[in-house]
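Enquirer: could you look at this predicted model? Sequence included:
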Amino acid sequence: MPVTANRQNSRYWIGVVSASHVKRGVQGGFAQLCHGKAAPLRRMSPGDWLIYYSPRTDRSKGEPLQAFTAIGQVTGDRVYEYPMSESFVPFRRDIRYLPCREVKIAPLLDRLTFTRGKRNWGYAFRYGQFEIGYEDFQTIAGIMLGDAEDVLESQIVIP
C-alpha cells in the first residue's frame, strides 16, 4: 500500500552518524543509531522520516564533514538485533532511502530553528538522535532532494 509523508502523522528525526557508517546503512536499507542502541530506533514509527547528519567522514579518525548525508523513511515496525561480531550485536530498523545529495550544514545554520542564532549549534547533535519540526525537515529535504514537495508526494511502499 503506498504511503506518503503526512504532516500530521509523520515525525521527523535527525540521526548523527559518520558518513562511512551512513553509507553502509543506505546500502543495506537499515538505520543504526547511538552505537547500536535500541531506544532511539524505538522512538520512530513507520512513516517517520530520518535525515542523517555526519559530523565526520569516519567515526574515529575521519575528516570533518558537517553535512546531511542521507534521507529515508521508516518502513517497518520491527527493531531487531543484527550480529556484526561475537562481541557486537547492535539494533537496527528498516529504512527506505531516497537518492539525494550531500548538503553542508553551514549555509543552513540561520535557516533551521534548532541552530538559528545559536553559537553552540552543535549541542543538539551530541545525543545522536533528536526530533525536528516539519519546517526544518522541509528545508533540509528540499535541498537534499531538489524539491521538498517531492518528499511529500513520493510514494514509498511499506511492506
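Expert: Arrived safely. Residues are numbered from 1 along each chain as shown.

Enquirer: what's the weakest-modelled helix or strand in the protein?
Expert: When the helices and strands of the chain are scored by mean pLDDT, DSSP states H and E, strand 2-3 comes last with a mean of 33.

Enquirer: list of residues touching the next helix or strand after that one?
Expert: Heading C-terminal from strand 2-3, the first helix or strand you meet, by DSSP states H and E, is strand 12-16. With CB atoms under 8 Å, 6 or more residues apart in numbering as the test, strand 12-16 has contacts from 31, 33, 40, 43-44, 48-55, 124-134, 136-137. Placement of C-beta: from N, CA and C, glycine included.

Enquirer: what lines up beside strand 12-16 in the sheet?
Expert: According to DSSP bridges, strand 12-16 forms sheet pairs with strand 49-56 (parallel), strand 129-132 (antiparallel).

Enquirer: out of the ones you listed, flag the one nearest residue 142.
Expert: Closest to residue 142 of those is strand 49-56 (CB to CB; 11.5 Å).

Enquirer: check the offset of that closest one from the chain's centre.
Expert: 5 Å (CA atoms, centre = their mean, to the nearest Å).

Enquirer: what is the burial count for the closest residue to residue 98 other than its chain neighbours?
Expert: Nearest residue to residue 98 in three dimensions, chain neighbours excluded: residue 71, at 5.6 Å (CB to CB, 6 or more residues apart in numbering). Using other CB atoms under 10 Å, residue 71 has 22 other residues around it.
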